[in-house]
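Engineer: okay, structure incoming, though there's no sequence with it:
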């Protein structure tokens with residue numbers, strides 16, 4: 001009787017531990033991509049995003065945005081934006097941070113906008129220690145930048161939205177970029 005109880009407790013604990021763990025999808029990122037052929041994965045599948053990478057000389061900060069706009073059967077136009085902000089314009093390996101620090105690390109964010117100006121689901125950075133943003137090549141004359149990144153988010157709220165905005169509770173973005181950047 002005690003043995004059966006003990007085994008059922010062990011089985012329950014094992015179930016809680018394995019169900020509570022999140023396993024990241026396996027993505028075989030290429031080492032690099034050709035100019036203009038950046039690729040971003042969301043939870044192991046290609047996230048069809050358009051890059052917008054720019055430098056602001058007035059505050060000497062670098063930004064990388066990857067945006068996607070698509071039609072949603074419930075809400076019409078839906079925009080998903082992944083951003084890395086407040087980076088310095090120089091080669092290097094930058095950790096993921098959750099508070100704004102200018103010019104020392106990557107401050108990521110993910111937002112959804114639908115019906116032109118309504119906020120979708122709310123996400124925050126998750127497991128920042130496993131994330132990174134690396135600038136592996138930088139040519140400031142030709143304005144070309146190459147790099148890699150990984151960042152995770154978890155959903156904090158659906159914001160009382162009943163419609164399906166097609167984003168899961170956990171988001172794992174990984175990507176390789178090689179783009180011209182602009183000066184704004």
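Structural biologist: Alright, I've got the coordinates. Just so we're clear, the structure is a prediction, and the values are computed from it rather than from any experiment.
Engineer: tell me the phi and psi of residue 128?
Structural biologist: phi -60, psi -30 (degrees, to the nearest 10).
Engineer: and residue 129, by the same measure?
Structural biologist: According to degrees, to the nearest 10, residue 129 has phi -60, psi -20.
Engineer: quick one: contacts for it?
Structural biologist: residue 96 (C-beta atoms under 8 Å, 6 or more residues apart in numbering). C-beta coordinates here come from the backbone N, C-alpha and C atoms, glycine included.
Engineer: for this protein, what spans make up the strands?
Structural biologist: Secondary structure of the chain by DSSP state E: the strands cover 39-42, 45-46, 50-56, 61-72, 76-87, 92-94, 107-114, 118-119, 122-125, 132-139, 144-157, 170-180, 182-183.
Engineer: list the contacts of residue 30.
Structural biologist: Applying C-beta under 8 Å, 6+ apart, the residues near residue 30 are 39, 176.
Engineer: go with 10 Å
Structural biologist: 37, 39, 148, 176 (C-beta atoms under 10 Å, 6 or more residues apart in numbering).
Engineer: give me the number of residues near the third one?
Structural biologist: Residue 148: 19 surrounding residues under other C-beta atoms under 10 Å.
Engineer: check residue 93 too.
Structural biologist: Residues contacting residue 93 under the criterion other C-beta under 10 Å number 12.
Engineer: what's across from the nearest residue to it once chain neighbours are set aside in the sheet?
Structural biologist: In this structure, residue 93 finds its nearest non-sequential neighbour in residue 134, 4.9 Å apart by C-beta to C-beta, 6 or more residues apart in numbering. Residue 134 has these beta-bridge partners by DSSP bridges: residue 93, residue 148.
Engineer: residue 134 and residue 79, how far apart?
Structural biologist: 26 Å (C-beta to C-beta, to the nearest Å).
Engineer: give me the local confidence score for residue 55.
Structural biologist: Looking at residue 55, its pLDDT reads 97.
Engineer: contacts only, for it.
Structural biologist: 61-63, 87-89, 140, 143, 145, 181-184.
Engineer: check contacts around residue 154.
Structural biologist: 22, 123, 124, 125, 126, 127, 168, 169, 170, 171.
Engineer: could you measure from it over to residue 124?
Structural biologist: Using C-beta to C-beta, residue 154 is found at 6 Å from residue 124.
Engineer: measure the residue nearest to residue 93 to residue 37 for me?
Structural biologist: Residue 134 is 18 Å from residue 37, by C-beta to C-beta.
Engineer: list the contacts for the closest residue to residue 92 other than its chain neighbours?
Structural biologist: Leaving aside its chain neighbours, residue 92 sits nearest to residue 135 (5.8 Å; criterion: C-beta to C-beta, 6+ apart). Listed by C-beta under 10 Å, 6+ apart, the contact partners of residue 135 are 62, 64, 87-94, 106, 145-149, 177.
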